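S.K.: based on what follows, work out the 3D shape:
(one chain, ligands or ions: 1)
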Amino acid sequence: MRILVVGGAGYVGSTSVETLIAAGHEVTVFDDLSTGHAASVIPPAGLVRGSIQDHARLESVLRERRVEAVLHCAAKSLVGESMAEPGLYYRHNVSGGVTMLEAMRRAGVSRLVYSSSAAVYGEPRRVPIAEADRTDPINPYGATKLAFEGAMRWFAAAHDFRAISLRYFNVAGATQLNGEDHEPETHLIPLVLRVALGEATHVQIFGQDYPTPDGTCIRDFIHVRDLGAAHLLALEATGDAEPSLEVYNLGSAAGFSVREVVEAARKVTSRAIPARVVKRRKGDPPVLVASSRRARRELGWQPQHSKLEEMLSDAWAWRLDHLRGYAESARPPETATDQNGSGVAAAEAMSRS
Ligand code: UDP
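M.R.: Numbering: from 1, shown residues only. Okay, the predicted model is just below:
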């Protein structure tokens, strides 16, 4: 299948691209490189640098590449930033997303998989969360993810789109080639590994007075490889689906506490990793865990890398190999204009260290 991965140079996108290529699909990455890295796009995937807000460019890429399905991973995704800059989130995640849907409609592409978020549920009434549970986001990030799902639903009804949305919480781990490299970094595991590397003196534990066994928040972690596998299964499932939007949670149904993460990281890295308890971070629900029964049953998803130690050791191995993240291999993509003049950069042309 010819697949366009929008946001394919980011952490989730780039690792999913690896899975799609390994399964024999032909992949083009569309990314504005605002938070992604050109060096994360592996051959034979091509990279087109462009904005999700650029309707004409999207439409021409979809036509020229004869794209059959889109995987959409290009969202702004920081809760704190979304609280401070809601406009940025509505512009990118909703308006940008709708621009993409319009481009797909004009180019005659109707198969779509969306990398959504369990942030659409807000503070859950019960855990593990099921797909039919109430959605009531508590920040603009979750609200914009949900709003875009709404647009997908109506495009499915009006224009025969076959769409799947995957909702998950915390992504962790790495492949051999690609891992997590954000600036600024706000996520627990990469911050813990920074301390292990001596780049920071200690981890801050945001609150130890939650109603959980050790007092710290519990989160649902999914290995980025298992997420790639879910994206692949979902893309394939859009093939014989009826026009509709289907929603699936991807979760572990168990979860790990912040303390458990720090403890496991000490074991995996054999480093001390000092931690200090500080006050709660605003907007953190005590327990976020999703049930993936539906994804297992209907998509055949079987997570293979659910052990916290494996997620941490893969992330650690990648960091040790990329001490400066992608900065080591970063240089502007060598954009070669293809026959149709669309400015497709061959990933082969990019150096990887
Ligand atoms: N957390 C923490 N210290 C940090 C970063 C995060 O204690 O430096 C906690 C945070 O309060 C939450 C959990 O780790 O309970 C996961 O946070 P993260 O930002 O990684 O992901 P989120 O669950 O917010 O998507």
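S.K.: any idea how far stretch 194-208 is from the middle of the chain?
M.R.: On the basis of CA atoms, centre = their mean, to the nearest Å, stretch 194-208 is displaced by 23 Å from the centre of the chain it belongs to.
S.K.: list the buried ones in that stretch?
M.R.: For stretch 194-208, the neighbour count (16 or more other CB atoms under 10 Å) marks Val195, Ala196, Ala200, Val203, Gln204, Ile205, Phe206, Gly207, Gln208 as buried. For the C-beta atoms, the positions are set from N, CA and C on the backbone; glycine is no exception.
S.K.: ok, now which ones touch the second one?
M.R.: Taking CB atoms under 8 Å, 6 or more residues apart in numbering as the definition of contact, the neighbours of Ala196 are Ala265, Thr269, Arg271, Ile273, Trp316.
S.K.: mind pulling the model confidence for the fourth one?
M.R.: pLDDT recorded at Ile273 is 98.
S.K.: isn't it right next to Leu191, touching?
M.R.: No. Checked against CB atoms under 8 Å, the pair Ile273 and Leu191 is beyond contact range at 10.3 Å.
S.K.: shared neighbours of the two, anything?
M.R.: Jointly contacting Ile273 and Leu191 under the rule CB under 8 Å, 6+ apart are Val203.
S.K.: quick one: which of the two has more around it?
M.R.: Set side by side, Ile273 and Leu191 show more neighbours around Ile273, with 20 against 15, by other CB atoms under 10 Å.
S.K.: distance check, that one against the ligand.
M.R.: Between Ile273 and the ligand the computed distance is 12 Å (CB to the nearest ligand atom, to the nearest Å).
S.K.: so who does that residue touch?
M.R.: By CB under 8 Å, 6+ apart, the neighbours of Ile273 are Val192, Val195, Ala196, His202, Val203, Val262, Ala265, Arg266.
S.K.: can you tell me the closest non-neighbouring residue to Glu149?
M.R.: Ser165 (5.2 Å; CB to CB, 6 or more residues apart in numbering).
S.K.: is the one you found in a bridge, and if so with what?
M.R.: Here Ser165 sits in beta bridges with Tyr114, Val247, going by DSSP bridges.
S.K.: isn't His182 right up against Val12?
M.R.: No. Counting by CB under 8 Å, His182 sits too far from Val12 to count as a contact (11.6 Å).
S.K.: tell me which of those two has more neighbours.
M.R.: Under the criterion of other CB under 10 Å, the comparison of His182 against Val12 puts Val12 first, with 25 against 14.
S.K.: check contacts around the more buried one.
M.R.: Val12 sits next to Cys73, Ser115, Val171, Val224, Leu227 when contact means CB under 8 Å, 6+ apart.
S.K.: excluding sequence neighbours, find me the nearest residue to it.
M.R.: Closest to Val12 by CB to CB, 6+ apart is Cys73, at 5.1 Å.
S.K.: mind checking how far the closest residue to the ligand within the chain is from Ala157?
M.R.: Residue of the chain nearest the ligand, by CB to the nearest ligand atom: Cys217 (3.1 Å). Distance, Cys217 to Ala157, using CB to CB, to the nearest Å: 38 Å.
S.K.: good, wrapping up.
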